[in-house]
Each structure stands twice: as structure tokens, then as C-alpha cells.
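**Q** Okay, here's the prediction I keep looking at, along with the sequence it came from:
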Amino acid sequence: PKTDCVLFAQMVPFSSSPLLHFKPGFNKNSIIKHKHRISQIKQLYVAGGWAKDSKPLRGYESMYVYGAHSTTRIYDFYLYSNYDKLILRTEFKRNHLPDAWIGLGNNFAVRGHSIYYQRNTNEMCKNNVTTDRYDYRVISEASGSFSYAYYSNQFLDFAGDENGLWVMYASDTSKGKIIVAKLDEKAFGVENKWTTDVYKQLAGNAFMACGVMYATRSVDLTTEEIFYSLDTKTGEERHFSIPFQKFQEKYSYLDYNPTDQKLYMYNNGYYVSYNVNICLDQG
């Protein structure tokens, strides 16, 4: 029998009123109930991100990492032991990035107690939270000409899911279309890559779930849609329209976490999390 991971999502503000249920290519108009949380923070920090570790060490399963600024630079990562500490802004550790390691772009990911983030245009950086050591690799083909639609300087988008660690970018060779690259976590290098049919400058953001890349784009000021997927296991691409609500027009960060099956959005100074289910289809 064939087993495929398929993404379902439900997004509801503050209550259990239904908003969205999707399975790309199938039954996309079905509705089920769930909820998500929205918490306001300092509006000064419009660009940033918040995340959980996609492969946490024991004892750090509830840890959150936050990094934001009034620009798309990242100067600090703050570590919180749980969600309540995040909201209260009482971190147990602050990683102040040395001048040579200041980040650019907001689409970082946390995996195995390390933070993966962009430095300059095409440099992947790794900050080990335990040792405070830094490392980097250059993706030579990643271009500084293609950012996501809402914010500049979003050239490398990191993601961690059930299948491993990923980075998404665009190149001159791909003519601005998003490339999905699977990373070898030990070697900290690209081991495989796929070119999508999505022009990065037209996409709001993208995320990985169970080895499938999903891309989003704007519908209107309060509505986004997931409109495309690429399954890296089969190479299958799908185009569809799955609208969902956003709190404000622009957001700088969208990432899926497999440990709690949530999407995390940083929506112009707001934390937003969406409940997500990963389902197995037998066929």
C-alpha cells in the first residue's frame, strides 16, 4: 500500500468558530472546528519570527525562540521556557549575535537546539544554543534579487519538518522561482533540491510539512491563500486555492512545527499560531 502525508489546516480566531479545512486537491470545501491564538507584542517590531524546536532536546520541548526588530535585521534571539514566559517576555537566555554574525531576513528555524538563519544574501548560519558556537555555509546560487512579497531581504527561508531540515530560495538560473533544498544536518550542506513553479516575489511565504512545500499569497488585506504544493517524494505539483484569515496584511514569518502540528506566523507585530493536522492517506 502507498502512504502519503497530506496537510490539513484549521484556523479560527479566539473561538471554536470554523474557518478552514483543507486537503490539497481533494475535498477542499470541508469545514471542521478548531482554534488559534493571537497575542499582541510591541508594534515597533514589525519584522520578526517566533518558533519552537522541530527536533527538541529532552527538557526543551516547550521552548520558544523569538527574534524581531524594526528592520529585517536580527540582532538577538530570545529563548523562553514556555508560551507563558514568551508572552511575559521573561527569557531564560538571550543570544546577542556578534557583529560578524548579525542576521538578515526573518525566516529562521530551530532544530536540534540550533538556530538556522540567513546572514547577508546567501549565507546559511547555524547558532548552537548550547555551546554558543557559530558556523556558516554559502549557497552560491541563491540570489539577492528575489524576496517574498511583503518584506525585503527574505532570501533564505529555513524549515524543519518530519523529514528533516530545509531551506528555500530563488536563483537567477531558476528565473526567480523558489528552489526547495534538503539539507544534510550533520554536514550542514545541500544534499538535494527541487525547483518549484512559484515565483518567489509573488508569494507571501512558504513552509514545509511532511516533505511537502506549500506556498501562500495575498487575496486581500485580511485573507491569504495557500495556492501551491510540491511533494519532494514524488515531484508532484498541485495548484489550488485554500483561503485563510490573517490578522494584518503583512507578515514576515510562516513556519510549520511537527512536534505540536502548528503553523507559526509573525503578523506585523503579532504572534499567531494555527492548528494543523498531518494525516496519512492509505491507497
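**A** Cool, got the structure. A quick note: this is a predicted structure, and the numbers were derived from the prediction, not measured.

**Q** How far away from the center of its chain is stretch 126-140?
**A** Relative to its parent chain, stretch 126-140 has a centroid offset of 18 Å by Cα atoms, centre = their mean, to the nearest Å.

**Q** which residues make contact with it from outside it?
**A** Residues from elsewhere that reach stretch 126-140, judged by Cβ atoms under 8 Å, 6 or more residues apart in numbering: 77, 79, 93, 95, 97-98, 101, 113-117, 119, 122-125, 156, 167, 169, 181, 188-190. All C-beta atoms are positioned from the backbone trio N, CA, C, and that covers glycine.

**Q** which parts of that stretch are buried?
**A** Using 16 or more other Cβ atoms under 10 Å as the test for burial, stretch 126-140 gives 126-127, 129, 134, 137, 139.

**Q** pLDDT, distance to G176 and secondary structure for the residues you listed - can I get that in a markdown table?
**A** Below are the buried residues of stretch 126-140 laid out as a markdown table (pLDDT from 0 to 100; distance: Cβ to Cβ, whole Å; DSSP: H, G, I helix; E, B strand; the rest coil):
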| residue | pLDDT | distance to G176 | secondary structure |
| --- | --- | --- | --- |
| K126 | 98 | 27 | strand |
| N127 | 98 | 29 | strand |
| V129 | 95 | 34 | coil |
| Y134 | 98 | 30 | strand |
| R137 | 98 | 22 | strand |
| I139 | 98 | 15 | coil |
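
**Q** Of those, which pair is most distant in space?
**A** Maximum pairwise distance among these (Cβ to Cβ): 22.8 Å, between V129 and I139.

**Q** ok, what's across the strand from the residue most central in space within the chain?
**A** Taking Cα atoms, centre = their mean as the criterion, D255 is the residue nearest the geometric centre of the chain, at 2.2 Å. Beta bridges link D255 to Y264, judged by DSSP bridges.

**Q** State the pLDDT value of it.
**A** You'll see D255 listed with a pLDDT of 97.

**Q** wait, isn't it in contact with K262?
**A** No - the criterion here is Cβ atoms under 8 Å, and D255 misses it with K262 at 9.4 Å.

**Q** now the contacts of stretch 126-140: which count as buried?
**A** For the contacts of stretch 126-140, a burial check counting by 16+ other Cβ under 10 Å picks out 77, 79, 95, 97, 101, 113-117, 119, 122-125, 156, 167, 169, 181, 188, 190.

**Q** Which ones among these map onto strands?
**A** Using DSSP state E, the members of the buried ones among the contacts of stretch 126-140 that fall within strands are 77, 79, 95, 114-117, 119, 123-125, 167, 169, 181, 190.

**Q** from those, which single one is nearest S273?
**A** Nearest to S273 out of these is L79 (Cβ to Cβ; 17.7 Å).

**Q** The closest one against T90, yeah?
**A** No - if you go by Cβ under 8 Å, L79 and T90 don't touch, sitting 10.8 Å apart.

**Q** name the element K175 belongs to?
**A** Here K175 sits in a region with no helix or strand, counting by DSSP states H and E.

**Q** now the strands for the stretch 1-150 of the chain?
**A** 3-10, 36-40, 47-52, 64-69, 73-74, 76-80, 93-96, 103-104, 109-111, 114-119, 123-128, 134-138 (DSSP state E, counting those that start in this stretch).
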